[in-house]
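Novice: What follows is a predicted structure for the sequence shown.
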Amino acid sequence: MSRAETSRAETGNGPVARAQTPGAGAGVGVGVDEVRTPNPLWSLGLLRSELLITFRRWRTLALLGVLAAVPVLVGIAVKIETSDGSSSFGGGGGGGGEGPAFISQISNNGLFLVFTALAATLPFFLPMAVGVVAGDAIAGESSAGTLRYLLVAPAGRTRLLLTKYATVIAFCLAATLVVAVSALAVGALLFPVGDLVTISGTRIGYAEGLGRALLIALVVAASLVGLAALGLFVSTLTGSGIAAMATTVGLLITVQILDQIPQLHALQPYFFSHYWLSFADLMREPVYWDDLVRNLGLQALYAAVFGSAAWARFTAKDITA
């Protein structure tokens with residue numbers, strides 16, 4: 001039994017371990033769900049097993065560590081730059097409403113480090129980490145030789161695919177919260193905290209600022225669900241985890257580049273990354289909801305389209321490993 005199979009058995013995925021008997025894998029290559037109906041408790045056990053395996057991997061921990069280090073580096077850089085008594089960093093000013101503009105306010109209020117860190121990691125670091133986890137979801141099991149055994153257990157392909165996607169969504173939320181919590185801790189340690197001024201110039205209390213920071217983190221996590229579905233679809237197309245991860249990250253970089261070309265302005269509103277920085281509108285008074293709603297709607301559309309494509313591909317795929 002491989003390490004991955006042993007880990008699944010140890011984390012409560014008992015049916016997988018019991019299914020590994022001679023001849024038990026026969027017929028797994030058929031592109032239909034298992035006839036047996038799984039117990040709901042077994043499904044929860046499968047989700048728990050997937051979450052434990054994903055978050056125990058050294059690769060996942062390394063990704064989260066890198067994400068947690070970004071706010072630390074930004075905070076230290078601002079602290080050093082403003083150590084001579086100046087009250088702003090870079091001179092970016094507060095206008096415009098784009099996420100990076102928050103960096104000029106960090107020295108005045110450490111809570112702005114949360115917004116700056118999310119704006120700094122969202123274009124590449126956060127989606128790259130999600131692309132790695134999503135791309136490896138199915139293809140990684142196939143390359144490790146454990147996908148066949150997972151399908152022997154009474155889960156069915158649809159339920160397994162939903163479990164994988166739920167695990168990737170959980171990683172989106174965890175990765176975003178790691179950045180936000182790290183930034184909140186560093187901001188409170190290095191800079192003063194208290195009431196803060198919104199982009200619109202109004203003042204809000206620190207408690208309300210914390211609430212908006214949490215809401216922004218949730219919006220950022222939701223902004224990644226479309227990419228997660230795209231990565232899951234790519235993962236069903238190949239049996240190589242490395243190839244699926246590289247393809248997903250490559251598509252991310254390509255879309256980011258295309259979103260910066262002025263001649264493609266007619267297509268850019270349909271790119272999954274186009275409205276990512278709209279979370280800055282939550283720091284206005286009143287909040288501007290238009291781009292936020294467009295962003296969430298676009299993510300739901302991508303999740304529906306590529307989630308359906310992943311299901312169609314996975315349920316018809318001949319599993320040989």
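Specialist: Received it, and whenever you're ready, just let me know what you need.

Novice: Do a quick rundown of the helices in this structure.
Specialist: Ranges of helices in the chain, per DSSP state H, are 3-10, 14-18, 40-56, 58-81, 112-121, 125-144, 147-152, 157-190, 206-222, 225-236, 241-258, 290-316.

Novice: for the record, mean pLDDT for the second one?
Specialist: The one in question is helix 14-18. In this model, helix 14-18 has a mean pLDDT of 38.

Novice: returning to what we had before: Serialize the helices of the chain to CSV and add fields for distance to residue 282 and mean neighbour count.
Specialist: Using the backbone N, CA and C atoms, a C-beta is placed for each residue, glycine as well. Shown next, in CSV, are those (distance: least, C-beta to C-beta, whole Å; neighbours: other C-beta atoms under 10 Å):
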stretch, distance to residue 282, mean neighbour count
helix 3-10, 40, 16
helix 14-18, 43, 18
helix 40-56, 28, 17
helix 58-81, 18, 16
helix 112-121, 9, 27
helix 125-144, 17, 25
helix 147-152, 40, 22
helix 157-190, 13, 21
helix 206-222, 5, 18
helix 225-236, 18, 28
helix 241-258, 22, 18
helix 290-316, 7, 17
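
Novice: Residue 194 - how many residues pack around it?
Specialist: If you count neighbours by other C-beta atoms under 10 Å, residue 194 ends up with 11.

Novice: That one touches residue 109, doesn't it?
Specialist: Yes. Residue 194 is within contact range of residue 109, at 6.5 Å (criterion: C-beta atoms under 8 Å).

Novice: Which of the helices of the chain sits closest to residue 199?
Specialist: Closest approach to residue 199 among these (C-beta to C-beta): helix 112-121, 10.0 Å.

Novice: Determine the set of other helices and strands touching the closest one.
Specialist: In terms of contacts (3 or more C-beta pairs under 8 Å, 6 or more residues apart in numbering; DSSP states H and E), helix 112-121 is packed against helix 58-81, helix 157-190, helix 206-222.

Novice: Show me what stretch 227-244 is in contact with.
Specialist: 127, 130-131, 133-140, 142-144, 161, 164-165, 168-169, 172, 247-248, 251-252, 272-273, 302-307, 309-310, 313-314, 317, 321 (C-beta atoms under 8 Å, 6 or more residues apart in numbering).

Novice: got it, and stretch 199-209?
Specialist: The contact list for stretch 199-209 (C-beta under 8 Å, 6+ apart) reads 94, 97, 101, 109, 111, 193-198, 212, 280, 283-286.

Novice: Quick one, which of those residues are buried?
Specialist: Among these, those buried by neighbour count (16 or more other C-beta atoms under 10 Å) are 97, 101, 109, 111, 193, 196, 197, 198, 212, 280, 283.

Novice: thinking residue 216 is in contact with residue 278, fair?
Specialist: No. Taking C-beta under 8 Å as the definition, residue 216 is not a contact partner of residue 278, at 10.4 Å.

Novice: Ramachandran coordinates for residue 191?
Specialist: When quoted as degrees, to the nearest 10, the phi and psi of residue 191 stand at phi -130, psi 160.

Novice: Let's see which of the contacts of stretch 199-209 end up in strands.
Specialist: 196, 197 (DSSP state E).

Novice: leaving aside the residues next to it on the chain, what's closest to residue 197?
Specialist: Counting by C-beta to C-beta, 6 or more residues apart in numbering, residue 203 is the residue found nearest to residue 197 once chain neighbours are left out, at 5.5 Å.

Novice: That neighbour: neighbour count?
Specialist: Residue 203, neighbours per other C-beta under 10 Å, totals 11.

Novice: Now do it against residue 196, distance only.
Specialist: 7 Å (C-beta to C-beta, to the nearest Å).

Novice: again with residue 108
Specialist: From residue 108 to residue 196 the distance is 8 Å (C-beta to C-beta).

Novice: ok so, going back, worst mean pLDDT among the helices of the chain?
Specialist: Out of those, helix 14-18 stands lowest, with a mean of 38 (criterion: mean pLDDT).

Novice: Now do the same contact list for the residue sitting nearest the centre point of the chain.
Specialist: With distances taken as C-alpha atoms, centre = their mean, residue 172 lies nearest the centre of the chain, 2.6 Å away. Residue 172 is in contact with 130, 221, 224, 225, 228, counting by C-beta under 8 Å, 6+ apart.

Novice: Alright, calling it a day.
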